[in-house]
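Novice: Have a look at this fold, sequence not included:
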């Protein structure tokens, strides 16, 4: 009887207290959950925003380069272009960027970017070299390629003009994404600078080399007593 009386007296006091404590605990747990979601969401956004992609020439050019001759990599191999993660150096093999369309262009030989080899899109575009007035397009052939799992092969391209008329008398090849980056900024690629000579200069050098070799052989024959 006394227990029931005590219970009857305590219920009006304890019930609101218990409800308030439960409510506070639920609200606290909910706030923690929402804060965790915000933090995780922010990390995902930051990860996406901080992703740094760039194009890269995977092999060096075969030098010297002459007008009218196919531009190739060392050992007469095909020039390769890849899209890589600038932070890890790994080739990007999946996602829309891995199958992007790329254009090969001609750049001024003194285009370097800043100390960290960075530049804005406008700066890259402003250093693209166009043909001289009244001349054919500076680069002829298939200047476009499509990446497959992050790697593309440059087709048959060649120069139609030498580099002697440019501000530093040298060129670079550049590569830029023209479609398929999914809105992500992909930094352009560039080769080392090089001189492009006229094809007739190549023929002249070849003739001179053959003549010198012939003279050298004849001199040796005469030295050995042959007529």
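Specialist: On my side now, so go ahead. Keep in mind that what you see is a predicted model, and the values were worked out from it rather than measured.
Novice: tell me the SS of the residue nearest in space to the middle of the chain?
Specialist: A centroid search over the chain (CA atoms, centre = their mean) returns residue 55, at 1.1 Å, as the residue closest to the centre. Three-state call for residue 55 (DSSP: H, G, I helix; E, B strand; the rest coil): strand.
Novice: I'd like the distance between it and residue 81.
Specialist: For residue 55, the distance to residue 81 equals 6 Å [CB to CB, to the nearest Å]. All C-beta atoms are positioned from the backbone trio N, CA, C, and that covers glycine.
Novice: Now for these two: what residues contact both?
Specialist: By CB atoms under 8 Å, 6 or more residues apart in numbering, residue 55 and residue 81 have these common neighbours: 102, 175, 189.
Novice: Shouldn't the first one be within a helix?
Specialist: No. Under three-state DSSP, residue 102 falls outside any helix and is assigned strand.
Novice: List the contacts of it.
Specialist: Residue 102 neighbours (CB under 8 Å, 6+ apart): 55, 81, 144, 145, 146, 147, 152, 175, 176, 177, 178.
Novice: Residues in a beta bridge with it, which ones?
Specialist: residue 145, residue 177 (DSSP bridges).
Novice: do the last one as well
Specialist: Each beta-bridge partner of residue 189 is listed here: residue 175, as defined by DSSP bridges.
Novice: Nearest to residue 161 among the shared contacts of residue 55 and residue 81?
Specialist: Within the shared contacts of residue 55 and residue 81, proximity to residue 161 (CB to CB) peaks at residue 175, which comes in at 20.1 Å.
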